[in-house]
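Student: Below is the structure, and that's it, no one-letter string:
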Ligand code: DGL
């Protein structure tokens with residue numbers, strides 16, 4: 001039996017990564033965990049994020065998963081190093097804001113980055129900017145409130161917030177807008193309406209999916225998708241239906257991770 005690939009996020013955001021992975025690996029089995037009991041992650045402390053990420057990784061190990069995609073920029077920034085150290089037998093693929101491709105292709109030399117406060121404050125992000133944004137002006141804005149609205153399925157209510165966050169980026173001449181949170185690709189149409197047509201919106205999910213496909217070239221299974229939440233199963237099921245993510249071969253469930261609370265490393 002080939003082990004499934006695991007992915008997790010604070011909520012539905014990481015499903016923007018899952019759908020890319022599914023597109024490249026139609027036969028692999030996927031297990032997704034939305035940690036909605038603890039969402040949003042964006043304003044949480046490093047300690048909390050690391051504790052949650054560790055509990056989730058342990059849960060994936062119990063499911064027989066050996067490749068975990070941390071489909072969340074905030075959790076990647078907070079916990080990727082720790083996860084790799086604590087679970088050496090597991091391969092972790094993380095997210096980082098796509099500053100590199102944006103900086104390389106920008107013609108104005110100005111790049112906007114929209115991400116959670118947690119991601120923007122993490123050393124992972126500082127490293128990315130230092131390594132890849134030499135000579136490029138980066139205008140960052142924390143997307144406060146956006147994740148809650150995406151979780152609530154109230155995408156239209158994000159428009160005033162998006163306008164406020166994008167305005168300084170556009171005023172400075174940004175021609176690339178990096179989506180530094182996996183919830184934001186659900187807002188891509190709303191963002192596109194607020195920026196000039198020649199501004200490119202950069203979503204790292206396709207590149208992350210290609211990386212996953214490289215790491216699991218022979219992954220085979222039955223193409224099953226199991227979507228789990230630590231929150232309310234009813235709410236999660238409604239969200240998935242609204243986002244059009246409940247296809248054939250997809251099962252939905254809930255877990256509180258309690259079975260693993262006592263055996264964390
Ligand atoms: N989707 C997440 C990210 O990529 C988490 C956002 C949140 O829960 O605040 O950062």
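Tutor: Received the coordinates, thanks. If you're wondering where the values come from, they're calculated on a predicted model, not measured in any experiment. Numbers count the residues shown, from 1 in each chain.

Student: Give the next helix or strand downstream of the longest helix along the chain.
Tutor: The single longest helix within the chain, with elements called by DSSP state H, is helix 46-62. For helix 46-62, the succeeding helix or strand toward the C-terminus, using DSSP states H and E, is strand 67-70.

Student: and that next one, what does it pack onto?
Tutor: Contact partners of strand 67-70 among helices and strands, from 3 or more C-beta pairs under 8 Å, 6 or more residues apart in numbering; DSSP states H and E: strand 5-9, helix 46-62, helix 73-86, strand 91-93, helix 205-215. Every C-beta, even on glycine, is put in place using the N, C-alpha and C of the backbone.

Student: and if we set it to 10 Å?
Tutor: Helices and strands in packing contact with strand 67-70 are listed as strand 5-9, helix 15-24, strand 30-34, helix 46-62, helix 73-86, strand 91-93, helix 205-215; criterion 3 or more C-beta pairs under 10 Å, 6 or more residues apart in numbering; DSSP states H and E.

Student: does any bit of that strand sit next to the ligand?
Tutor: No: with C-beta under 6 Å from any ligand atom as the threshold, strand 67-70 lies outside contact range of the ligand, at a closest distance of 9.1 Å.

Student: how about the residues of the stretch 151-265 of the chain near the ligand?
Tutor: Taking C-beta under 6 Å from any ligand atom as the criterion, the contact residues of the stretch 151-265 of the chain with the ligand come out as 181-183.

Student: Just give me the closest of these to residue 15.
Tutor: Set against residue 15, the nearest of those by C-beta to C-beta is residue 182 (8.1 Å).

Student: Roughly how far does the closest residue to the closest one other than its chain neighbours sit from the ligand?
Tutor: Excluding its sequence neighbours, the residue lying closest to residue 182 (C-beta to C-beta, 6 or more residues apart in numbering) is residue 13, at 3.8 Å. Look at residue 13 and the ligand: by C-beta to the nearest ligand atom, to the nearest Å, they are 3 Å apart.
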